[in-house]
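K.L.:
structure, please.
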Amino acid sequence: MREVLRKPGVALLFAGDVASMFGDSIMLLALAIWVKTLTGSSGAAGAVMLTITAPALVGPLFGWVIDRFRRRPFLIVVNVLTGLALLPLLAVHTRADVWIIYVVGTAYGISFTLTGGAFAGLLQELLPEELLGEANGLFATAQQGLRLIGPVIGAGLFVTVGGSTIAVIDAASFGVAAIALAGVRLVETHPQREDLHWWAEMTAGTRFTWQNLTLRRITMTLSLLMLMLGAIETLVYVSVGLHRTPAFISVLVTVQSIGGLAGAVFCGKIMKRLGEVATIGLGLIAVAACVALMIYPSVALGFAGMVMAGVGAAFVVIGYTTILQRQTPKALMGRVSAAGGVLIGGAQALSVAMGVILVSIVDYRILFAAMSVVALGLAVYLRAGSGAAEMPVEAGAADITDADLTDSTGAAEPFAEGMPAVATA
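P.N.:
Residues are numbered from 1 along each chain as shown. Modelled structure (predicted):
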């Protein structure tokens, strides 16, 4: 990781991103606590997370916006606007003002969607391909570390100084991130804008993901994984949290974050040695072990399982992000990232809903056993196609534009025969 930080601009970028992540870590939980305090409703508090995650459903549109601008100035503007969007929280005082929190939560979600693809593209510009894995591990390590302390600090600040003060601190953190980005010296060419139908431009990321064997295989694998694992958010209460209060889940999240921190620290080295696909496969195996440990209702086994879940999630997320950067042309990074986010995130949302139903009609031990087997099967499936997946992006692919993904008339090429309907969403 030291080699990554020695690259021009990376240390400054890292400092700014850590400041922004700290603001996020104290604010997100505080928003839900704030709504709960004003309304007394757990459902109303839970709706905050819905407002934050909902914008990802129109990710391809935001991905199209991302790819129309240079990464660094785009991120500066988004950070400044996000900081300003938090200031209306200063007007929240009573139950009647809760709608302001929901609006700010939606703005937060839009910001997350916009910055995700743009930040991945910025790292593409700043670093050589061989250092992308270590860079992603570095930023993930900081994120996991802040997940351990941020929510506690946020809850403490809310009790002592109130939500308005946290909003100011978070807004300032986005300002710090914008200033840091402004100090990064980077020469970027302005993205070429082709005279294409807006639909052809917006769906270019989805088409590229499907046409690229590597990304298609990994995206389908992770979508299937999340279609299964999203239900754990409900089932874990039944297993590890048996006969305990719902607040016990915060302890599990902390334990998972410890595993995530360990996974993020070592993921870069493992990825350099084994490759991204094998690293994702190890992550799937760790997830399978986690689910298997949940079969027997035990706090000790549950804690061990949550550590494995953290490690597995770190391996999967960092490996996926890195191979996405390596295989995706710079001109399409925003749209490809958004396309993957919609497919994988949509599968997770559906799985959470399914879990609520399944837990009432099927023994959770049977569900956990089935999940563990499926996760192992997905690891085998992914590894079986790893030969193609380890190939670097083709020469000249970084210069691909929207026009290269359309026919001579400017109309989008048809999807490959047999493509799942969900991929067109």
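
K.L.:
just the pLDDT for E413.
P.N.:
Here, the pLDDT recorded for E413 equals 35.

K.L.:
ugh, wrong one, I meant E390
P.N.:
45.

K.L.:
just V103 next, same as before
P.N.:
Looking at V103, the pLDDT reads 95.

K.L.:
ok, it touching P88?
P.N.:
Yes: the criterion here is C-beta atoms under 8 Å, and V103 meets it with P88 at 7.1 Å. In short, each C-beta sits where N, CA and C put it, glycine included.

K.L.:
what about P191, how many neighbours?
P.N.:
17 (other C-beta atoms under 10 Å).

K.L.:
wait, it sits on R70?
P.N.:
Yes: between P191 and R70 there is a contact at 7.0 Å, judged by C-beta under 8 Å.

K.L.:
helix, strand or coil for N79?
P.N.:
Following DSSP: H, G, I helix; E, B strand; the rest coil, N79 is assigned to helix.

K.L.:
distance of the nearest residue to it once chain neighbours are set aside from L213?
P.N.:
With sequence-adjacent residues excluded and distances taken as C-beta to C-beta, 6 or more residues apart in numbering, N79 is closest to A178, at 4.1 Å. Plainly put, A178 is 38 Å away from L213 if you go by C-beta to C-beta, to the nearest Å.

K.L.:
then V48?
P.N.:
39 Å.

K.L.:
who has more neighbours, these two?
P.N.:
Neighbour totals were compared for V48 and L213, and V48 leads with 25 against 13 (other C-beta under 10 Å).

K.L.:
give the contact list for the more buried one.
P.N.:
Contact analysis of V48 by C-beta atoms under 8 Å, 6 or more residues apart in numbering lists L31, A32, V35, I101, Y102, G105.

K.L.:
now with 6 Å?
P.N.:
L31, A32, V35, G105 (C-beta atoms under 6 Å, 6 or more residues apart in numbering).

K.L.:
how about G268?
P.N.:
Applying C-beta under 6 Å, 6+ apart, the residues near G268 are G133, E134, G137.

K.L.:
next, format those residues as CSV and append distance to M202.
P.N.:
Shown next, in CSV, are these (distance: C-beta to C-beta, whole Å):
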residue, distance to M202
G133, 29
E134, 33
G137, 31
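
K.L.:
next step: those restricted to strands.
P.N.:
Using DSSP state E to define strands, no part of those is located there.

K.L.:
closest one of these to G377?
P.N.:
Of all those, G377 sits closest to G133, with 25.7 Å by C-beta to C-beta.

K.L.:
ok, the closest one touching I270?
P.N.:
No: in this structure, G133 is not within contact of I270 by C-beta atoms under 6 Å, at 9.0 Å.

K.L.:
and the two? which has more neighbours close in?
P.N.:
When G133 and I270 are compared for neighbours, G133 comes out ahead with 27 against 19, by other C-beta under 10 Å.

K.L.:
now do the contacts for the more buried one.
P.N.:
Contacts of G133 (C-beta under 6 Å, 6+ apart): G268, M271, T322.

K.L.:
which intervals of the protein have sub-threshold pLDDT?
P.N.:
1, 192-197, 230-250, 352-353, 355-356, 359, 385-425 (pLDDT under 70).

K.L.:
tell me the domain ranges of it?
P.N.:
1-187, 200-390+397-407 (automatic domain parsing).

K.L.:
the helix or strand hosting A120 packs against which elements?
P.N.:
Secondary structure assigned from DSSP states H and E places A120 in helix 98-126. Under the contact criterion of 3 or more C-beta pairs under 6 Å, 6 or more residues apart in numbering; DSSP states H and E, helix 98-126 touches helix 10-39, helix 42-53, helix 59-66, helix 71-85, helix 333-358.

K.L.:
turn those helices into CSV, including distance to R365.
P.N.:
Converted to CSV, the helices and strands packed on helix 98-126 look like this (distance: least, C-beta to C-beta, whole Å):
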stretch, distance to R365
helix 10-39, 31
helix 42-53, 27
helix 59-66, 36
helix 71-85, 44
helix 333-358, 12
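
K.L.:
could you identify which of those is most buried?
P.N.:
helix 59-66 (a mean of 24; mean count of other C-beta atoms under 10 Å).

K.L.:
that helix to helix 71-85, inter-axis angle?
P.N.:
Helix 59-66 runs at 120 degrees relative to helix 71-85, counting by axes from the mean of the first three to the mean of the last three C-alpha atoms, to 10 degrees.

K.L.:
so helix 59-66 versus helix 333-358, what angle?
P.N.:
Orientation of helix 59-66 against helix 333-358 (the same axes, to 10 degrees) gives an angle of 160 degrees.

K.L.:
what's helix 59-66 packed up against?
P.N.:
helix 98-126, helix 198-202, helix 333-358.

K.L.:
angle of that helix against helix 98-126?
P.N.:
Using the same axes, to 10 degrees: helix 59-66 against helix 98-126 is 60 degrees.

K.L.:
pull the residues that contact helix 59-66.
P.N.:
So helix 59-66 is contacted by 113-114, 117-118, 201-202, 205, 334-335, 338-339, 341-342 (C-beta under 6 Å, 6+ apart).

K.L.:
got the contact list for N212?
P.N.:
By C-beta under 6 Å, 6+ apart, the contact set of N212 is Q327.

K.L.:
then I76?
P.N.:
I76 touches A178, L181, A182, counting by C-beta under 6 Å, 6+ apart.

K.L.:
could you rerun that using 10 Å?
P.N.:
Under the criterion of C-beta atoms under 10 Å, 6 or more residues apart in numbering, the contact list for I76 reads G16, A177, A178, I179, A180, L181, A182, V184.

K.L.:
list the contacts for the second one?
P.N.:
Going back to what we said before, that points to A177. Contact analysis of A177 by C-beta under 10 Å, 6+ apart lists 13, 15-21, 23, 75-76, 78-80, 82-83, 115.

K.L.:
again, only using 6 Å
P.N.:
G16, A19, S20, N79.

K.L.:
wait, which of the residues you listed is closest to I149?
P.N.:
Using C-beta to C-beta, A19 comes nearest to I149 of the contacts of A177, at 14.3 Å.
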